[in-house]
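**Student:** A structural model of the following input is requested.
(chains A and B)
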Number of protein chains: 2
Amino acid sequence: MILMNTNYNNLKESYLFYNIAQKTGKYLEENPGQKLYRMGIGDVSLPLVDAVIKELHEAVDNQARKDSFHGYMPECGDPALRETIAKYYERRNVKLSCEEVFVSSGASDELGDILDLFSKESTALIMEPAYPAYVDANIMAGRKIIHLPSGEENGFLPTPTEETEADLIYLCSPNNPTGAVFSKEQLKEWVDYANARGAVILFDAAYEAFIEEDLPHSIFEVKGARTCTIEICSLSKTAGFTGTRLGYTIIPKDLERSGMNINAMWVRNRTTKTNGVSYIIQKGGAAVFTSEGQEQIHKNIAVYKKNARVLMEVLDELGITYYGGRNAPYIWMKCPDGMGSWEFFDLLLHKIQVVGTPGEGFGACGEGYFRFSTFGDPEDTRVAALRIRELLGK
Amino acid sequence: MILMNTNYNNLKESYLFYNIAQKTGKYLEENPGQKLYRMGIGDVSLPLVDAVIKELHEAVDNQARKDSFHGYMPECGDPALRETIAKYYERRNVKLSCEEVFVSSGASDELGDILDLFSKESTALIMEPAYPAYVDANIMAGRKIIHLPSGEENGFLPTPTEETEADLIYLCSPNNPTGAVFSKEQLKEWVDYANARGAVILFDAAYEAFIEEDLPHSIFEVKGARTCTIEICSLSKTAGFTGTRLGYTIIPKDLERSGMNINAMWVRNRTTKTNGVSYIIQKGGAAVFTSEGQEQIHKNIAVYKKNARVLMEVLDELGITYYGGRNAPYIWMKCPDGMGSWEFFDLLLHKIQVVGTPGEGFGACGEGYFRFSTFGDPEDTRVAALRIRELLGK
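**Tutor:** Below is the predicted model:
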């Protein structure tokens, strides 16, 4: 008998962001006092909006008084918040019952936990380049991973072919890292594929609030998705909750596989393995969905979109190919002169003190590309853009 | 290929607390306006202490300003809080490095998540009566469960025998539901067993703050525990965090199995599957460990201990056998006249409107026993005790 889960031995030794931290740490050690322009990790820089702050304070006050104190919360989420989120979907003509909405501590937590519902024998298809945790969580589970590379030939938006064989399908749209967004027609191809094959799509919609054009915010805008999809969302980027933690997951009651109802399974998982999400954070998060909250978060999103435009203008001027930036908070650029992505990382760090994320860290097909996050400080972003223009314009 | 985790089909249909909720709901429907005296689910009734409230407000204020805003937190916990918790252990002469302390969203979340580290082929020994989620989480994983019943013959504190064969060992002390607490000598037997066999102990210390007598608060007070134990703790009962959510887990760096370092595996798990615990909640939780915070939480604990004494006095007067209450927030009483535990539940609900938890819900060997939580309102507890005296004293 082997006591431990030996699948962990199959993980690659280090993690993309860990390597970046090591490299920047070493640079700062060797160049003390240097200011870095950080556009690497996708962390937000603007504080929480007033509507959220007000509710958080009120929640804390409630926890201070016996008559308004909240103990254990319902494991699947505060019923009022579940209702509020269901209503949020109505704007896109998506009808959900509140029991199809689960409150979570965030998309990364949920993407890790939800794999418990699926057998180890199932195969996971991951469209790449991809968020590295998709791959690692499935390696930990011992699941066979099918890498579906994408590239310029399909605008980083792959669709299934006759050879595609997968049981669990990870789709992320707007995409991290490429910023590409699936159209309704492209998503329909995946939905039809999943329904025909009996597969399940894990749809990561963490960046939906950044969509400007007429593109689907939710996969449930596509007919047939209710019988094949789990949608995982987050307030991290939408409302600056990266360090405050809140998200939500949609599991339609129509979703059944192997004769099992996936919504009911998740209820059972949550009631067994959690005691719900913090009352304080849920009350703060609910404010995001009020009209006041929506107005305020969209002002913040507009700041990040301005950052994106500042960078895009420079890339346009330099004639550099890139994806994203418009409907997504990430810009995915082609490294100049056929440079490798870590080579380009080192160049930017050492020559102009700009930190981005090497595309290779998101999968082999990301080699030769580089990701900029647009969540940084506007002034830093402006300086970084000028430095990029100067460095690459020569 | 079966897509779903069919182990979920092996779960029993309903959940202890769900059944209690159904029965009390039905009673209230049939008897509108009746007041119930709830000593069933172990939820706290006192609000968060002032020291915590102050820090929570300050954390919220920090999230409102760009210069003090916190984005992504380190996945394994805020380093300052990890250090603070390591220091908390020094009071009991337990030396921990801060990297051996992991901040969690609470013990139930952690007990669910941590099973990912162990192979499905390992067997889980659960001393019973036990918190039902221990069993269910292992059924979901498809792990073989060895039920180790306890009873009056060993004071509900079983120790390993020559026949015991287990890889993962759940110990909960002070125990939920029985309130029994292992002595150092008894824990030493488990530690020696685990080290000799190469097993791992999951030690649930959620109720350590309720110990009054000279008994171990942490299994790491026992020599040899560093090479065989993971200790899982919670602020839920200690500091009223049931709805606020915070806990911590100790994984010594010396703990290795199958040639794998379990501390390193957990770092990898957390960095892949989470983005850390809310900054706001961590800052609030840190206040629990200050001298001001400790003084305040122990005032609340004293209120619950008073509740325990009120109930114990009545049971003593009635000559009813019970366990716990002294070093634990639960009282585990023998049902009178050989009654079954659900039968006694119905009697208390219908005759005196007191709600407790039937022992059978914690495993077969809990049949014939009944659990009272002492976390209720003091006045309600006093009325319930009087009603119990009147009902059973006849």
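**Student:** Point out the residues in the stretch 251-394 of chain A that sit beside chain B.
**Tutor:** A:257-258, A:260, A:262, A:265, A:268-269, A:271-281 (Cβ under 8 Å from any Cβ of the partner chain). Placement of C-beta: from N, CA and C, glycine included.
**Student:** out of those, which are inside helices?
**Tutor:** Using DSSP state H, A:262, A:265, A:268, A:269, A:271, A:272, A:273, A:279, A:280, A:281 are the members of these that sit in helices.
**Student:** how is chain A carved up into domains?
**Tutor:** As given by automatic domain parsing, the domain ranges for chain A are A:15-44+A:292-392, A:50-289.
**Student:** okay, those domains in a markdown table with mean neighbour count and distance to residue B:135 next?
**Tutor:** Below are the domains of chain A laid out as a markdown table (neighbours: other Cβ atoms under 10 Å in any protein chain shown; distance: least, Cβ to Cβ, whole Å):
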| stretch | mean neighbour count | distance to residue B:135 |
| --- | --- | --- |
| domain A:15-44+A:292-392 | 19 | 34 |
| domain A:50-289 | 21 | 9 |
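**Student:** Which positions in the stretch 101-250 of chain A make contact with chain B?
**Tutor:** A:105-106, A:108-109, A:111-113, A:116-123, A:133, A:136-137, A:140, A:167-168, A:198-200, A:236, A:240, A:242-245.
**Student:** any idea which residue sits dead centre in chain A?
**Tutor:** By Cα atoms, centre = their mean, chain A has its centre lying nearest to residue A:206, at 4.2 Å.
**Student:** Excluding covalently adjacent residues, which one is nearest to it?
**Tutor:** residue A:234 (4.3 Å; Cβ to Cβ, 6 or more residues apart in numbering or on different chains).
**Student:** and what of residue A:262?
**Tutor:** Nearest to residue A:262 is residue A:255, by Cβ to Cβ, 6+ apart, at 4.5 Å.
**Student:** Looking at the stretch 51-200 of chain A, which residue is nearest chain B?
**Tutor:** residue A:112 (2.8 Å; Cβ to the nearest Cβ).
**Student:** Starting from the helix or strand hosting that residue, tell me the next helix or strand along the chain.
**Tutor:** Here residue A:112 sits within helix A:107-113, counting by DSSP states H and E. Remark: after helix A:107-113, the chain's next helix or strand is strand A:123-128, criterion DSSP H and E.
**Student:** Using PDB, list the CA coordinates for that next one.
**Tutor:** Listed next in PDB are the C-alpha coordinates belonging to strand A:123-128 (Å, rounded to 0.1, in the frame of the first residue of the first chain):
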ATOM      1  CA  THR A 123      -9.700  12.700 -19.700                       C
ATOM      2  CA  ALA A 124      -9.300  16.500 -19.400                       C
ATOM      3  CA  LEU A 125      -9.000  18.600 -22.500                       C
ATOM      4  CA  ILE A 126      -7.200  21.900 -21.900                       C
ATOM      5  CA  MET A 127      -7.100  24.500 -24.600                       C
ATOM      6  CA  GLU A 128      -3.700  26.000 -24.500                       C
END
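**Student:** just checking, what packs against that strand?
**Tutor:** On a contact count with 3 or more Cβ pairs under 8 Å, 6 or more residues apart in numbering or on different chains; DSSP states H and E, strand A:123-128 meets helix A:132-140, strand A:144-149, strand A:168-172.
**Student:** So for residue B:59, which of those sits nearest?
**Tutor:** helix A:132-140 (26.5 Å; Cβ to Cβ).
**Student:** by contact count, what packs against the closest one?
**Tutor:** Here helix A:132-140 touches helix A:107-113, strand A:123-128, strand A:144-149, helix B:262-273, going by 3+ Cβ pairs under 8 Å, 6+ apart.
**Student:** Identify whichever of these lies nearest to residue A:48.
**Tutor:** helix A:107-113 (17.8 Å).
**Student:** mind saving the C-alpha coords of the helix or strand harbouring residue A:379 as CSV?
**Tutor:** If you go by DSSP H and E, residue A:379 is part of helix A:378-392. Output of helix A:378-392 as CSV, limited to C-alpha atoms (Å, rounded to 0.1, in the frame of the first residue of the first chain):
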residue,chain,number,x,y,z
PRO,A,378,-2.1,53.8,-14.8
GLU,A,379,1.1,55.9,-14.4
ASP,A,380,3.3,52.8,-14.2
THR,A,381,1.6,51.4,-17.3
ARG,A,382,2.2,54.7,-19.2
VAL,A,383,5.9,54.7,-18.3
ALA,A,384,6.2,51.0,-19.2
ALA,A,385,4.5,51.7,-22.5
LEU,A,386,6.9,54.5,-23.3
ARG,A,387,9.9,52.3,-22.3
ILE,A,388,8.7,49.5,-24.5
ARG,A,389,8.3,51.9,-27.4
GLU,A,390,11.8,53.2,-26.9
LEU,A,391,13.4,49.8,-26.5
LEU,A,392,11.6,48.1,-29.4
